[in-house]
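Student: Below is the structure, and that's it, no one-letter string:
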């Protein structure tokens, strides 16, 4: 008002500036909340993911007889060598 600006215009400009700053803060906070939500979901998926995705040894009839075989068809239990 000391520079010749009407009081109503000075008040309006002040409110516009305050609302713009508030809008920028809300925009920034919304992105931070979204980033935090993605981090929480990623952490939850990482915690609940099966770390052991490899095929487990299984009992089957293979080239060395019945026994436990790994994913590469190698027998991992040494049974009786005289067994057919």
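Tutor: Received it, and whenever you're ready, just let me know what you need. Here the structure is a predicted model, which is why all the values come from computation and not from measurement.
Student: Around residue 69, count how many other residues there are.
Tutor: Neighbourhood size, residue 69 [other C-beta atoms under 10 Å]: 20. From N, CA and C alone the C-beta is placed, and that goes for glycine too.
Student: Just give the nearest non-adjacent residue to it, would you?
Tutor: Distances taken as C-beta to C-beta, 6 or more residues apart in numbering put residue 62 closest to residue 69, at 4.9 Å, once the chain neighbours are dropped.
Student: quick one: that neighbour and residue 75 touch, right?
Tutor: Yes - look at residue 62 against residue 75 with C-beta atoms under 8 Å: they come within range, at 6.3 Å.
Student: who has more neighbours, the two?
Tutor: residue 75 (17 against 14).
Student: what separates the closest residue to that one other than its chain neighbours from residue 30, distance-wise?
Tutor: The shortest distance from residue 75 to any residue other than its chain neighbours is 4.4 Å, reached at residue 64 (C-beta to C-beta, 6+ apart). Distance of residue 64 to residue 30, computed by C-beta to C-beta, to the nearest Å: 62 Å.
Student: between the two, who's got more neighbours?
Tutor: Comparing residue 64 with residue 30 by other C-beta under 10 Å, the one with more neighbours is residue 64, at 15 against 10.
Student: wait, doesn't the more buried one sit right on residue 73?
Tutor: No - between residue 64 and residue 73 there is no contact under C-beta under 8 Å: 9.2 Å.
Student: Which parts of this protein belong to which domain?
Tutor: 1-49, 55-84 (automatic domain parsing).
Student: Show me which of those has the highest average neighbour count.
Tutor: With neighbours taken as mean count of other C-beta atoms under 10 Å, the domains of the chain reach their highest mean count in domain 55-84, at a mean of 11.
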